[in-house]
Each structure stands twice: as C-alpha cells, then as structure tokens.
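[1] All I have is the shape, not the residue letters:
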C-alpha cells in the first residue's frame, strides 16, 4: 500500500532544511514522490511536524536485572495504572507490553537495552520479544568476566581477544559492547569497596584502564559500528568528574561513548562537598571530537536504580526508598536493584541541574544523546517534560524556582539561555543515534529508510506534543493515533552479523565444561527459542 | 488420543471448541499453570484476554519465595559463581531434592576463583524437619544449630553471635561456625523452600550485617525451577508474580484475593483451567467448578469436563525453562520428539476458537 502524509512540516535535518513537503511510504519504506501513481491512503497532517521515529540508545527495558526490579517493586507497577497525572509513580512504565506502547505513543520506534549480561541473553531476548511495536537492540556487557580478565592478565594476542568479543556479541545477539565499572564487579567479590580507573582487579593484576583500552581497541578492530559504551568508575561520587575526564583522555582519539555522564558531573565544592563540574566536562567533550555521551537526566519522583555496577549499588542500598533492595553476584557481571526517590532537596536539585547543563553546554547535538538512563535517572515516560525543559528557557526557570537555591548557585544553569530547536531535537533523538549505532536504515526520512515516522501536532505545549504523537508509523504500519496505540505488531531485535571463529567456539566449549561442568549449549540458544516469527534482524559491521 | 469430553474420545478441534465455549461463558475463570516459559507465556496472555486469574499449580509453595523478593530483597548469587568462588557453603535447613545433584556437584569441585584450596561445608539446623536427606549426608557438613529451636530462632541466634552479641540459646558447633565464617573469603548460604518468612528475613538480615565489612551472599534454589520460570515470565508480562488476575481488565496482584484454591472454595470461580506437563500430575480433588485439564496423561482426567493431552517441553518438543544450575533461562531441545501438542500450540488454537465465540482478540 502506498501512503502519503500530506501538508506537514518535515523536520529531517539529514535530508534538508525543515519545510513543508509530503512524505511517501510504500511497502514499509520511505519512497520518493511517485511520478504517476496516486496514494492508496492519504493522511492530512497539516499543522503537524513530521519526523523520523525516535531512537533511545540507553534505556533499561528488559533482562534479568530489570525483571528483578519489577519483582522487588510490585507497588511501583500498581501505581502505574491509569490515574490522574502528577501523582507519585503515575509515569512509571513497567511491564514489557506497556513499555512498547508507551514508547510508541511518544513517537519512539527503536530502543537499546544497554546492559545485557551475555549469560542472561536468552532471558533478555525473550523479554524484548514481548515488547510490542518498537524495534530493540542490546549491548553485551564485558569487562568483569573471568575469561577476558584472564586473557588480559596473560597477555593474550589481539586476535584472541577479538575472537572472544566477536563470539560474545554474536552468541548474545548484540549490537555492541558495554563495559560497566570495568573490573569492579570482580573486585567487589573480593571485598573491594571502591574502584578507580587505575585500581587493579585482585587475582588478575589488571587495571580498569587496561580493560577499557582492551575492549575499545577490539571494538574498533572488529568494525562494530557503535563505539565501546562505557559506564565509568566512581558513579555518583562527589569529585568523580575527574574520573570521567580521565576516561575521556584515555580514549586517545579513538571513538568512545560515555554513558549517563550526568552521574559523573560532580565536584567537591560547597558546604556539602557536592557541586557541579558539568561546565568543565562539557568543555572537555566539546573539544574531544571522538567522544559521544548520553546524559542520564534526573527528574523528580520515585524510580528504581538498576545497574550491574554492584559496588555503586551496594553503597546506594543505605538510601533505598522504600527500604528494600537486591544485590546479585553473577558470572562476571552482578547487579543491584535499589529503589530511590529523587527529591527537590540539595542533592536532587544539583543532579537535575547538572544534567541540563550537559545538554545545553555541549554544542554538538550529534554527540550528546537524550536519555534518563531509564529508570535510573527517571522513567522514560518523563521524556516529554525533559524535551520542554530543553526547548523552553521560561519553563526551565520556572522549575528552578521550585528547587534548592544553594544547589543551583553551584551550577551555571541560570546563565544558560540556549533553547533546543526542533532540528537539534531531530538530530539528537533520530539522526545521531542511528549513525552512532550503525543503523543506516532509520533516523531519517530519505528514500530507502524504513518508514518509522512520528507526526506531532504543533502547539505551545511541548510536553503534550511529545507525549501524544498525532500519528506514528512503524515500518509503514500505522500504530498510534492521537497518542493511543491502535495497532499491535511485533518489532525485531537488531544485532550484528559477526560470525564467530570456529576456534573460539571450541575454546568456549572447553571452558564451560571445565569451569561450570556444563556443556556450552546450556548457555547458548537457537533463534527458535524466542518462539516468535523472525525475532531478529541482522546489521552489518563496518568494513 | 489427545482429547476427551468427559470420558469420550473426541477430535482435538471438538475439544478446543468446547473449551472455548466454557471460557467464553465463564465470568470468573481461574488458571492453574505448570509449564515451561512458552506455555506460561501463552496461558498468561490467554488469562488477560478472558479476564482470568492465574497461579502456579503449586502456588502455595511459591508464596514465601515470591514474598522474599517482593517484600525484602537481599543478597543472591548464581550457582555458577558459587561453584567457582565459594570457599564456604552453609546449607540453611533442608534443600529440595531436585537440587541435591547440584550440591553434590559442588562438593566434587574446588573454587578455582578462590585462593582457598578446599571448600568447607556447614549446615544450619533447627527443630524440624530434622533429618537430612541421605544424599546430603555425603557432603559431611558440620551441623550447626539446635533441635530445640525452630530454624528462624537458630538463625537469629547465629546473627546475634556473628554481630558480637551474646545469646542464651545453646547451639551446637557454634565455635566451628564462627571460625569458618572468620576465615572464609566468599561464604555462601544456600537455601530452598524455607517456608517461613521469619527465617528468610533473618537470613537476609544476617547477610546485610556481614556485608558491612566483608562479603557473603546466598544461593536461592527455588522449590521448583519450572515454577520460578513462570514467576519470571509473569513478572515481565504483567509486572507481577503469580497470584495475579485480570478481573478488572488490568492486572491485579494479590496473594489472598487471587488464591485459586480459595476462589474455588468460596465459589468465586466459575471455571477452572488446570494445566500441567508433568506425568505424575493429578488434578486437585473434585470441585463443583467446571474443570478443563491440559495434561500429559493417556487417560481423561478424573473430574474434568474436557481433557486435552499435551506434550512436555524438553521431551516432546523444544522449550525454555528456568535452571538453577545457571540462574537464568535456558533453551531445551526435545529429547524424544513426539506429535503431542505443546501448550503453546493448544492456546493458539483456543485463541482462534474464542474469536468464533465472539471474544475479540
């Protein structure tokens, strides 16, 4: 069927300036305006902005730790049922089915689960398969696993390390590699309670820096489009901006992505020894072209923190709200689930401001990505409010009046006048994520792109515009009308086509039998195990 | 033969049609589920469609295990990590027989990620059930505790002693316990079907105390791996563990309200779909509620209006199950492939038949 979206204002910076033009869809892809054919179906989108479907590069939407969080917090889900806005927990998306619908309603069509433990890949992919409408992807966590740490300790060749990384990405059906507080989960098992970039993992004698460098190089050599996705050391600790800066400098000009930089934007000034270093970090990012970051914005209210950074999560257990949490020692990666309420007190206000400073002071929308690190900084359902804060200075200032003045005085936020344009939003949430992830088929509305399209009704109310898309198409199927899901479909999980070497497969077989007493097929799975038609789609590596 | 109405053999489509009629007519259906993850997934989706309440067949056994996670949380580890790192394993109470092989396999290995050359074993015991099962005797664990006190009291006393407080309760081998705990680098408490909330809370409280200064964790071995797989699927699909119902259209989790035995006894339920892949499965005692059984039996289930014979995941067809051995889901291939239908396929046919009954998908 041929579809025409007529009369809308198209915001698609990759294919030209914003302006009125029609968008044509046929067989699930965007096409040029046909010369002689008429559309089978025309939607009048006059008075609307037309954009590509949005892409979230870092949102914890499925897998063992996410599901454990659901199990720990049934009350969070109960509060998610429809109720008046602005009540506690009203915005926490929770089950897999809700997750897909809520993202689609906002015009998001691809979401990356950024922290999949390879040993938990089947569980993760089964959850993702139950998220309707949107496409998904995962990043496989490496950097605390015995096999890799042993290879680094034993000075294994680059080729061997590459084989192992490729095997992991391939068997776990991942789109890239993430490292979380490299070496810290292994160190925590030996009772280490803090772990800096140059600290050494006991028993292996390798530093966190060495692990990050090793993985960064392997990702580059293998042609994995997405640079190594780094959750750095010392998350949440006063003075940790130094750690983030050191991690950036260590990248030595090679591509690297720093996740949720807001949680590393802290200095030690002020009476409480907790201040903003966002301006200096933003300067460093601005001047370091090989670095991309996502923000991990904090918004106020109840949420739950979910992370494989077990050292951080253990220290966070003291402030759990409500008072219950889970700490998990797994193979390589562990996990911590700690519920938390961001309050408008000194600390919450400062974290909120640090995130916005990073958004507004990093100049290049191609290198700063729109995330709340769902649900760690806030549920993704807070996105419309965050768009408004970025696009309207008056709304930002009004919000600042509600917050702790002494905290805001230690930030530059009040002095920043920048307001994001729609074109910058389109780059940050569409074109740039697609390029960062190596997904050339989306993030824009040029001919040949898959027809993931979000249509928003123009208006002064930015929140409303982004919360309830007027129309959303996924692969050319109309799935949302006026903010309501009207058609269910199953998306795919995209992953890299990275055929593993036969030698490493044999080696992994021997390793699993020797160390776990189990054959490798306990840890791997066929596509058919997902029990859904064509659950995966392959993406090519860089040549 | 794969289907019966009463004791009469019928073609499968006829049985499916009859079940669809019963589901469509029912105002308060209840599902008891014992299946692999795919079977559970499809039945939970069906429950949502027909407004049913669901639980595991052995939901009562799951209650405290689920409550530990929903109410308390705690410290946990995978069996694979325990195998490689635990230099001291402390068994708490008795362990479900299904996990004895796992413990015996741990006893035959050393922790290659530990500096300790051997793995030591303790077992914390209380008043009942006193006797260790025969296989676990081979572990030669040092028994700590007292046959005079329930196990929650023993755990409370051990927690007090570990924290440097005195206790008046005389506990056997308390010195050995303290000594082993002092020298262990990665002690792991193993527990399974601890059916009292006080013991679970006390154990996790003790772990919280220990972890202030050093490491320790727990290996949770569910009373039934398949049941835990259903808990996981239920949680991601609805946000809630079992004992969840869709009577209002939205999922409601309430361990009392959604207790199927209670709902049947109180005549709230008006139709019971009872599903089990296990050969030894037996329907609960007769009730007045019309019952449909999906079972692996070669005969119609006693008391069921309709019986459909099904296959078992990992035997008749491929499937996905939870495994305590690896602490996550695993794919299982059919070891004796047969033509017996999977629950997933039966539910698919039911979904189609429900459309004919006027229940929109």
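    Done, it's in. A quick note: this is a predicted structure, and the numbers were derived from the prediction, not measured. Numbers count the residues shown, from 1 in each chain, chains lettered A, B, ... in the order given.
[2] Nearest residue to residue 262 in space, please, no chain neighbours.
    With no chain named, the answer covers chain A. residue A:355 (4.0 Å; Cβ to Cβ, 6 or more residues apart in numbering or on different chains). All C-beta spots, glycine's among them, are computed from the backbone N, C-alpha and C.
[3] try again with chain B
    In space, and not counting its chain neighbours, residue B:262 is closest to residue B:256: 7.1 Å by Cβ to Cβ, 6+ apart.
[4] Now do the SS call for that neighbour.
    Using DSSP: H, G, I helix; E, B strand; the rest coil, the structure places residue B:256 in coil.
[5] My read is that it contacts residue B:266, right?
    No: contact criterion Cβ atoms under 8 Å: residue B:256 and residue B:266 do not qualify, at 11.0 Å.
[6] Show the model's pLDDT score for residue B:285.
    Note for residue B:285: predicted pLDDT of 80.
[7] Helix, strand, or coil at it?
    Put simply, residue B:285 is coil when judged by three-state DSSP.
[8] what's the burial count for it?
    7 (other Cβ atoms under 10 Å in any protein chain shown).
[9] same deal with residue B:97?
    Residue B:97: 11 neighbours (other Cβ under 10 Å).
[10] phi, psi of it?
    phi -60, psi -30 (degrees, to the nearest 10).
[11] Chain A versus that one, what's the distance?
    Distance, residue B:97 to chain A, by Cβ to the nearest Cβ, to the nearest Å: 20 Å.
[12] Return the residues in contact with the spatially most central residue of chain A.
    The centroid of chain A falls nearest to residue A:58 when counting by Cα atoms, centre = their mean (0.4 Å). Contact analysis of residue A:58 by Cβ atoms under 8 Å, 6 or more residues apart in numbering or on different chains lists A:112, A:114, A:229, A:259-260, A:294, A:296, A:369, A:371, A:373-374.
[13] how does it look with 6 Å?
    Residue A:58 makes contact with A:114, A:259, A:294, A:371 under the criterion Cβ atoms under 6 Å, 6 or more residues apart in numbering or on different chains.
[14] Around the third one, count how many other residues there are.
    When you say that, I think you mean residue A:294. Count around residue A:294 with other Cβ under 10 Å applied: 28.
[15] Is residue A:310 in contact with residue A:185, as I believe?
    Yes: counting by Cβ atoms under 6 Å, residue A:310 touches residue A:185, with 5.1 Å between them.
[16] Could you tell me which residues of the stretch 301-450 of chain A lie near chain B?
    With the criterion set to Cβ under 6 Å from any Cβ of the partner chain, the stretch 301-450 of chain A comes near chain B through A:324-331.
[17] same deal with the stretch 1-150 of chain A?
    So the stretch 1-150 of chain A meets chain B at A:67, A:70-72, A:74, A:77, A:81, A:94-96, A:120, A:122-123, A:127 (Cβ under 6 Å from any Cβ).
[18] among the contacts of residue A:58, which are in strands?
    Among those, the members falling in strands (DSSP state E) are A:114, A:294.
[19] any chance of the contacts of residue A:58 in TSV, with pLDDT and distance to residue A:194 too?
    Formatted as TSV, those follow (pLDDT from 0 to 100; distance: Cβ to Cβ, whole Å):
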residue	pLDDT	distance to residue A:194
A:114	98	23
A:259	98	19
A:294	98	24
A:371	98	26
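[20] ok, the contacts of residue A:58 vs chain B, which is closest?
    Using Cβ to the nearest Cβ, residue A:114 comes nearest to chain B of the contacts of residue A:58, at 17.6 Å.
[21] Start and end of stretch B:204-220, how far apart?
    11 Å (Cα to Cα, to the nearest Å).
[22] what is the mean pLDDT for that stretch?
    On average, stretch B:204-220 scores 97.
[23] neighbouring contacts of it?
    Residues outside stretch B:204-220 that contact it (Cβ under 6 Å, 6+ apart) are A:191, A:329, B:72, B:74-77, B:79, B:82, B:159, B:163, B:186-190.
[24] Tell me which residues of that stretch come out buried.
    By neighbour count on 16 or more other Cβ atoms under 10 Å in any protein chain shown, the buried set for stretch B:204-220 is B:204-208, B:210-211, B:215-220.
[25] likewise stretch B:49-65?
    By neighbour count with 16+ other Cβ under 10 Å, stretch B:49-65 contains the buried residues B:49-57, B:59, B:61-65.
[26] Pull the most distant pair out of the residues you listed.
    Greatest spacing in these, by Cβ to Cβ: B:49 and B:64 (30.5 Å).
[27] Counting neighbours, which of the contacts of stretch B:204-220 comes out on top?
    The most crowded member of those, judged by other Cβ under 10 Å, is residue B:188 (29 neighbours).
[28] That one - nearest residue in space that isn't next to it in sequence?
    residue B:86 (4.2 Å).
[29] tell me the contacts of the one you found?
    Residue B:86 neighbours (Cβ under 6 Å, 6+ apart): B:111, B:186, B:188.
[30] same thing but at 10 Å, please
    For residue B:86, the contact set (Cβ atoms under 10 Å, 6 or more residues apart in numbering or on different chains) comprises A:329, B:77, B:79, B:106, B:111, B:113-114, B:116, B:119-120, B:184-190, B:216-217, B:219.
[31] Residue B:90 - that's part of a helix, no?
    No: going by three-state DSSP, the assignment for residue B:90 is strand, not a helix.
[32] re earlier: test my guess that the residue nearest to residue B:262 contacts residue B:243.
    Yes: using Cβ atoms under 10 Å, residue B:256 makes contact with residue B:243 at a distance of 8.3 Å.
[33] Looking at these two, which is more packed in?
    residue B:243 (23 against 7).
[34] how much space is there between the more buried one and residue B:261?
    Counting by Cβ to Cβ, to the nearest Å, the gap from residue B:243 to residue B:261 is 11 Å.
[35] Quick check: neighbours shared by those two?
    With Cβ under 10 Å, 6+ apart, residue B:243 and residue B:261 have common neighbours B:55, B:59.
[36] Now do the strands for the stretch 101-250 of chain A: every range, in order, please.
    Using DSSP state E, counting those that start in this stretch, the strands assigned to the stretch 101-250 of chain A run over residues A:108-116, A:135-141, A:176-180, A:200-201, A:206-207, A:228-231.
[37] Identify the contacts common to residue A:310 and residue A:185.
    With Cβ under 10 Å, 6+ apart, residue A:310 and residue A:185 have common neighbours A:144, A:328-330, A:333-336.
[38] Output those in TSV; the columns should cover pLDDT and secondary structure.
    Rendered in TSV, the data for the shared contacts of residue A:310 and residue A:185 read as follows (pLDDT from 0 to 100; DSSP: H, G, I helix; E, B strand; the rest coil):
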residue	pLDDT	secondary structure
A:144	98	coil
A:328	96	strand
A:329	97	strand
A:330	93	coil
A:333	85	coil
A:334	88	coil
A:335	94	strand
A:336	97	strand
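[39] Relative to chain B, which of those residues is nearest.
    Distances from chain B to the shared contacts of residue A:310 and residue A:185, taken by Cβ to the nearest Cβ, are shortest for residue A:329, at 4.1 Å.
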